[in-house]
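Student: just the structure for this:
(5 chains)
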Amino acid sequence: MKICKVVGKVWATRKHACLHGKKLLLVQPIDIETSEKKGQIVMAVDLVDAGQDDTVLVNDEGNSARGMLENPVAGIRTVVCGIIDELTISGKF
Amino acid sequence: MKICKVVGKVWATRKHACLHGKKLLLVQPIDIETSEKKGQIVMAVDLVDAGQDDTVLVNDEGNSARGMLENPVAGIRTVVCGIIDELTISGKF
Amino acid sequence: MKICKVVGKVWATRKHACLHGKKLLLVQPIDIETSEKKGQIVMAVDLVDAGQDDTVLVNDEGNSARGMLENPVAGIRTVVCGIIDELTISGKF
Amino acid sequence: MKICKVVGKVWATRKHACLHGKKLLLVQPIDIETSEKKGQIVMAVDLVDAGQDDTVLVNDEGNSARGMLENPVAGIRTVVCGIIDELTISGKF
Amino acid sequence: MKICKVVGKVWATRKHACLHGKKLLLVQPIDIETSEKKGQIVMAVDLVDAGQDDTVLVNDEGNSARGMLENPVAGIRTVVCGIIDELTISGKF
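Tutor: So this is what the prediction gives:
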């Protein structure tokens, strides 16, 4: 599960019914050591009401998405499922 | 789920029965920051009647594809499931 | 789903029972813009009686493979499921 | 399944219910030949009470995670499922 | 499904119950054109009693692993499921 930044939004009128009424975000992985965005921007369905520039937890696996959406046939693979408050790297815990 | 461009089409006479009657598109991911096509071209089954050069939403996961096709045993992993009208990057929303 | 070339074959006497009697091909992705083979060679189970140097459609997802094999517990992830007759890139259709 | 090092921890107040009460670790793959950390840091749910700097076994597949959590709808893909005591490379066994 | 070489072994005392009693191998993909080991070493559960330096067939998909292990909730993604006797590249067959 990846730590990403919300970088944008997508509009699509013609789409499969399972995507109707969903907020479609663009998210980009961040390099946690430098906090810089890096890597491919993908589309994720928002489950936690995330906003622009939020640091989020992204799960890119369809069965996870269907479990969280409580829809066993939804054609959705990638979801935003948490908003990160804080990260610690190499600190004691 | 990836944002791609439709770049071509595939014809295959000899194929598994689950692919019969399907429109087989070639799609290539786009780098959203530059709008340029970049990365490996793959084959995706069209679910939304997409056309050449359309910017589309691609879901590369078999259980999603089977859910949208309403066929629990289809041997299909990659589908075009939306046509993108508009993208916003780093704008407020 | 990837467009590949059949580049070889594998023999394995000691293997899991679900692989018995299957033709095990080596396939390599092709760069569709240049038609050159490029990237990692993998092993795929043949479902369409493909031959050496055929351009084929490869599905690298286990649930797809099990659906096409009509065997819900087969330990097979990658299959050759179509033989490509023709590709069009950036042409009108 | 990958050999990783625990490099940090994540706090997220707003998240999907299936993540409540879980310890969320940051893990990074290690290059086994050199023992150096290398590659993308990801978030994994801890199942074995791992600590900072432990070398761990990470399984990045949702159905595995749900099986080990005994929760068939959990939206969790990546878990820490073992703590490595010892590795042998290219030795006889 | 990948062609790999067995390069080592892993010991882990503290691990999820589904891994108890399993032989945990380290495997590395081989570049079939040059026979050299290349790419990330991963951990795979041995199903065919493979030994050090064997060339093996590796399936990196959880549902395949669970089918072959006949355990529908095992948290195992990667298995060694065949020992390669011979490979032919670009020869006639």
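Student: wait, does stretch A:44-53 contact chain D?
Tutor: Yes - counting by Cβ under 8 Å from any Cβ of the partner chain, chain D has neighbours in stretch A:44-53: A:47-49. (Glycine included, C-beta is placed from N, CA and C.)
Student: tell me how far that stretch lies from the chain's centre.
Tutor: In terms of Cα atoms, centre = their mean, to the nearest Å, the centre of stretch A:44-53 is found 7 Å from the chain centre.
Student: list the buried residues in that stretch.
Tutor: Neighbour counts over stretch A:44-53 (16 or more other Cβ atoms under 10 Å in any protein chain shown) mark A:44-48, A:50, A:52 as buried.
Student: check stretch A:17-27 too.
Tutor: Under the neighbour-count criterion of 16+ other Cβ under 10 Å, stretch A:17-27 has A:18-19, A:22, A:24-27 buried.
Student: for stretch A:75-91, same thing?
Tutor: In stretch A:75-91, counting by 16+ other Cβ under 10 Å, buried: A:75-84, A:87.
Student: can you give me the end-to-end span of stretch A:60-80?
Tutor: Across stretch A:60-80, the terminal residues are separated by 9 Å (Cα to Cα, to the nearest Å).
Student: and the most centrally placed residue in chain A, helix, strand or coil?
Tutor: Against the mean C-alpha coordinate of chain A, by Cα atoms, centre = their mean, the closest residue is A:Val80 at 2.9 Å. For A:Val80, the secondary structure call by DSSP: H, G, I helix; E, B strand; the rest coil comes out as strand.
Student: Provide a list of residues in contact with it.
Tutor: Residues near A:Val80 by Cβ atoms under 8 Å, 6 or more residues apart in numbering or on different chains: A:4, A:6, A:25, A:27, A:44-48, A:50, A:56-58.
Student: ditto for A:Gly82
Tutor: A:Gly82 makes contact with A:48, A:56-57, D:12, D:14-16, D:19, according to Cβ under 8 Å, 6+ apart.
Student: and the residues you listed, which are buried?
Tutor: Applying 16+ other Cβ under 10 Å to those, the neighbour count classes A:48, A:56-57, D:12, D:15-16, D:19 as buried.
Student: intersect those with the contacts of chain B.
Tutor: On the criterion Cβ under 8 Å from any Cβ, none of the entries of these sits beside chain B.
Student: the residues you listed into TSV, with extra columns for pLDDT and secondary structure?
Tutor: Formatted as TSV, those follow (pLDDT from 0 to 100; DSSP: H, G, I helix; E, B strand; the rest coil):
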residue	pLDDT	secondary structure
A:Val48	96	coil
A:Val56	97	strand
A:Leu57	97	strand
D:Ala12	94	coil
D:Lys15	93	strand
D:His16	94	coil
D:Leu19	93	helix
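Student: and the furthest pair within those residues?
Tutor: With Cβ to Cβ as the measure, no two of the buried ones among the contacts of A:Gly82 lie farther apart than A:Val56 and D:Leu19, at 12.4 Å.
Student: so what's the closest residue in space to A:Ile83 that isn't next to it in sequence up against?
Tutor: Using Cβ to Cβ, 6 or more residues apart in numbering or on different chains and skipping the chain neighbours, the partner closest in space to A:Ile83 is D:Arg14 (4.5 Å). Residues in contact with D:Arg14 (Cβ under 8 Å, 6+ apart) are A:48-49, A:82-83.
Student: which element is the closest residue to A:Val27 other than its chain neighbours on?
Tutor: Among residues not flanking A:Val27 along the chain, A:Cys4 sits closest, at 4.0 Å (Cβ to Cβ, 6+ apart). Assigned by DSSP states H and E, A:Cys4 belongs to strand A:2-11.
Student: out of the buried residues of stretch A:17-27, flag the one nearest to chain D.
Tutor: Closest approach between the buried residues of stretch A:17-27 and chain D, by Cβ to the nearest Cβ: A:Val27, at 13.7 Å.
Student: got the residues of stretch A:44-53 next to chain D as CSV, with distance to chain E columns?
Tutor: Output for these, formatted as CSV (distance: Cβ to the nearest Cβ, whole Å):
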residue, distance to chain E
A:Leu47, 23
A:Val48, 26
A:Asp49, 31
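Student: just those now: which is nearest C:Glu36?
Tutor: The closest of those to C:Glu36 turns out to be A:Leu47 (Cβ to Cβ; 41.8 Å).
Student: and the pLDDT at that closest one?
Tutor: Looking at A:Leu47, its pLDDT stands at 95.
Student: what residues does it make contact with?
Tutor: Counting by Cβ under 8 Å, 6+ apart, A:Leu47 touches A:68-69, A:79-81, D:16.
Student: same check on A:Lys23?
Tutor: A:9, A:45-46.
Student: pLDDT score assigned to it?
Tutor: As predicted, A:Lys23 sits at a pLDDT of 96.
Student: so what's A:Val58 bridging to?
Tutor: When assigned by DSSP bridges, A:Val58 has beta-bridge partners A:Lys2, A:Val80.
Student: got the residues of chain A near chain B?
Tutor: Residues of chain A found near chain B (Cβ under 8 Å from any Cβ) are A:7-16, A:18-19, A:24, A:26, A:40-44, A:51-52, A:61-63, A:66, A:72-78.
Student: surely A:Ala65 forms part of a helix?
Tutor: Yes - counting by three-state DSSP, A:Ala65 is found in a helix.
Student: what's around it, how many residues?
Tutor: By the measure other Cβ atoms under 10 Å in any protein chain shown, the count of residues near A:Ala65 is 28.
Student: wait, it sits on D:Ala74?
Tutor: No - counting by Cβ atoms under 8 Å, A:Ala65 stays clear of D:Ala74, with 11.7 Å between them.
Student: number of residues surrounding A:Val73?
Tutor: A:Val73: 14 neighbours (other Cβ under 10 Å).
Student: what stretches of chain A score poorly on pLDDT?
Tutor: Scanning chain A with the threshold set as pLDDT under 70 gives A:91-93.
Student: now the residue in it positioned nearest to chain E: how far from D:Thr88?
Tutor: When distances are taken as Cβ to the nearest Cβ, chain A reaches nearest to chain E at A:Asn63, 10.1 Å away. A:Asn63 sits 35 Å away from D:Thr88, going by Cβ to Cβ, to the nearest Å.
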